[in-house]
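Chemist: coordinates only, sequence not included:
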């Protein structure tokens, strides 16, 4: 794991034993065993803070206690730049509210909080359940589906459209534009992709300021930042951020969860036979299959857990490493739906903890409840090679499922 330091240019504040040859966006062996590739950073003898020359050179916090601390301590670790490499992050440091530190961050976060409160999510449950059931019924009797294209890639964007009161017929268009940002194919730049989403959303933001409705977009468009009305551009940025962050992560969580259940019939049977276990099962799957790697900028020179950090350096926070830390979770690579007291940072911690965590849990729970009720037995298509692409958000490249229609039910 350690790099041959003779071949690496590294800062003078980095010690040779802290250097690892690790690309957080494409870890070696990660295409076939993504989580196993990351788990190598927990090898005996490696420091809690390591440094890699990849992606401009940056630190990686490898243990859950450090991840928790860094996510929470904005005085030492700023959200001003959150993307790696840093030169890319510098180009996108105006994203609201993700690149603001408290106290500036708090006012914009408060605008979002009411829309993701438990009462608001409970109000959505019946809509989410109906959308889920309708999607499954569209292919249940076929005996096969492209899970991403026919289910996981549709449900979260339709839930978003329902929350925002936007036309469902625009779902595919917005999903495509969002994918252009989170899974770029080189056809457009990130700047152009964000501009396209803003151009769409601003029309609806302005309409909601003129004529508020009972939806989350109206709350954002007419929100207060402190004692002042939110500015139009800021409201538009918040709306676009909710779309990009919320839709993509839930799509990928659904993919990883269904692949695991397809490969592990005994775990699947546990949930089929004990539907009341699904909420705990969802939480365990979130612990086991985190997705996001984000950055923080070191705010001042300091000695931090044995690492000499310099102001302006970047630290990668890989949520993958939280739930897989055996110091917090015994046998962390094992999925145990009866696990108690598990710790993870799948949704981050501290002031930037994901505001949509409860919505993600609700979507996952309902998706598994309705899927397993209707299609309790299924397998991966034997002609499919399941590979994983890393990045800011990890994703399964392809998920195709097969089953015997005779074993299904209309629910």
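Modeler: Ah, there it is. In this text the structure is predicted, and so the values were computed from the model without any measurement. Residues are numbered from 1 along each chain as shown.
Chemist: this structure: strands as residue ranges?
Modeler: 49-52, 58-61, 77-78, 144-146, 224-225, 228-229, 293-298, 302-304, 307-309, 314-318, 379-380, 388-389, 395-396, 400-402 (DSSP state E).
Chemist: mind pulling up the pLDDT for the residue nearest to residue 265 when sequence neighbours are not counted?
Modeler: The shortest distance from residue 265 to any non-neighbouring residue, by C-beta to C-beta, 6 or more residues apart in numbering, is to residue 377 (7.9 Å). Backbone N, C-alpha and C define where each C-beta goes, glycine included. Here, the pLDDT recorded for residue 377 equals 98.
Chemist: distance of residue 377 relative to residue 348?
Modeler: Distance, residue 377 to residue 348, by C-beta to C-beta, to the nearest Å: 36 Å.
Chemist: tell me which of the two has more neighbours.
Modeler: residue 348 (19 against 15; other C-beta atoms under 10 Å).
Chemist: identify the residues contacting the more buried one.
Modeler: 71, 292, 294, 317, 319, 354 (C-beta atoms under 8 Å, 6 or more residues apart in numbering).
Chemist: what does residue 215 give?
Modeler: 163-165, 208.
Chemist: how about the nearest residue to residue 263, chain neighbours excluded?
Modeler: Closest to residue 263 by C-beta to C-beta, 6+ apart is residue 380, at 6.8 Å.
Chemist: quick check: beta-bridge partners of that neighbour?
Modeler: For residue 380, the beta-bridge partners under DSSP bridges are residue 401.
Chemist: and it, what is it in contact with?
Modeler: 259, 262-263, 386, 399-402.
Chemist: from those residues, keep the buried residues only.
Modeler: 259, 262, 386, 399-402 (16 or more other C-beta atoms under 10 Å).
Chemist: list just the nearest of those residues to residue 34.
Modeler: Ranked by distance to residue 34 (C-beta to C-beta), these are led by residue 386 at 10.3 Å.
Chemist: tell me the contacts of that closest one?
Modeler: Residues counted as contacts of residue 386 (C-beta under 8 Å, 6+ apart) are 259, 380, 396-399.
Chemist: all helices of the stretch 101-250 of the chain, in order?
Modeler: If DSSP state H, counting those that start in this stretch is used as the criterion, the helices of the stretch 101-250 of the chain fall at 104-113, 118-137, 147, 155-164, 171-182, 190-210, 216-221, 232-263.
Chemist: relative to helix 171-182, how tilted is the longest one?
Modeler: Meaning helix 232-263. Angle, helix 232-263 to helix 171-182, by axes from the mean of the first three to the mean of the last three C-alpha atoms, to 10 degrees: 90 degrees.
Chemist: so what's the gap between helix 232-263 and the chain middle?
Modeler: Between the centre of helix 232-263 and the centre of its chain there are 6 Å (C-alpha atoms, centre = their mean, to the nearest Å).
Chemist: just the shortest one next, same as before
Modeler: For helix 147, the separation from the chain centroid amounts to 18 Å (computed by C-alpha atoms, centre = their mean).
Chemist: which elements pack onto that helix?
Modeler: For helix 147, the elements it packs on are helix 232-263, judged by 3 or more C-beta pairs under 8 Å, 6 or more residues apart in numbering; DSSP states H and E.
Chemist: between helix 190-210 and the helix it packs on, find me the angle.
Modeler: 110 degrees.
Chemist: quick check: mean pLDDT across helix 232-263?
Modeler: Here the average pLDDT along helix 232-263 is 92.
Chemist: could you check it and say which residues are buried?
Modeler: Quick answer for helix 232-263 (16+ other C-beta under 10 Å): 234-259, 261-262.
Chemist: since that was my last question, I'll sign off now.
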